[in-house]
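# I would like to see how this sequence folds:
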Amino acid sequence: MFHVENNSAVLGAYLRSLIKSRFASIRKFCRAYLELRDNTADVSDEEIRKLLNRFSQILKGDKRIQIDDLPYVTELLGVSCEEVLSAGKDSVKAAGSVEDRSAEFSNDPSTWQEYIGRDC
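Next up, the predicted model:
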């Protein structure tokens, strides 16, 4: 079980820091979000404006991030949804890391070798 940050302002500040670390501006993040969501590079200024307004409220702590945002936010920022929802207090291993259960049920010897050789 992981901790969910209840303070919207703390969550917003954490998201802002993540976005600023990966994107030159919140607007560029919103453009990338729409491009990923809609699977197109052709996004309108109006769509960007609407999303920018919504994310501005989230980043200020006036609103909470929505569940529909999580797949795109986590993909763009390179973090897990647990990390987003806990404002960085909790995280899970990144996709592709070998864990006990995945190695246990694998029939691939290379997966076993990766598991044996991992840093604990």
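# Okay, now the unreliable bits of this structure?
Segments of the chain classed as low confidence (criterion: pLDDT under 70) are 91-106, 111-112, 115, 118-120.
# who are the neighbours in contact with the closest residue to R54 other than its chain neighbours?
The spatial neighbour of R54 that comes closest, neighbours along the chain excluded (Cβ to Cβ, 6 or more residues apart in numbering), is K63 at 7.3 Å. Where you see a C-beta, it was placed from the backbone N, CA and C, and this is true even at glycine. Residues counted as contacts of K63 (Cβ atoms under 8 Å, 6 or more residues apart in numbering) are 8, 54, 57.
# List just the nearest of these to E82.
When these are compared for distance to E82 (Cβ to Cβ), S8 wins out at 17.4 Å.
# number of nearby residues for that closest one?
Applying other Cβ atoms under 10 Å, we find 18 other residues in the vicinity of S8.
# Leaving out sequence neighbours, find the closest residue to it.
Beyond its immediate neighbours in the sequence, the residue positioned closest to S8 (Cβ to Cβ, 6+ apart) is G61, lying 4.1 Å away.
# from memory that neighbour sits against Y14, does it?
No. Taking Cβ atoms under 8 Å as the contact criterion, G61 and Y14 are not neighbours in contact, 10.4 Å apart.
# More neighbours: those two, which one.
Just comparing G61 and Y14: by other Cβ under 10 Å the higher neighbour count belongs to Y14, 20 against 16.
# shouldn't that one be in contact with A87?
Yes. Checked against Cβ under 8 Å, the pair Y14 and A87 is within contact range at 3.9 Å.
# Mind listing the shared neighbours of those two?
The overlap between the contact sets of Y14 and A87 (Cβ under 8 Å, 6+ apart) consists of E5.
# element containing R54, please.
Assigning secondary structure by DSSP states H and E places R54 in helix 45-60.
# Enumerate the positions of that helix that are buried.
Along helix 45-60, these residues count as buried under the neighbour rule (16 or more other Cβ atoms under 10 Å): 48, 51-52, 55, 58-59.
# Tell me who's in contact with the residue most central in space within the chain.
If you average the C-alpha coordinates of the chain and look for the closest C-alpha using Cα atoms, centre = their mean, you land on T74, 1.7 Å from that point. Shown in contact with T74 (Cβ under 8 Å, 6+ apart): 80-81, 83-84.
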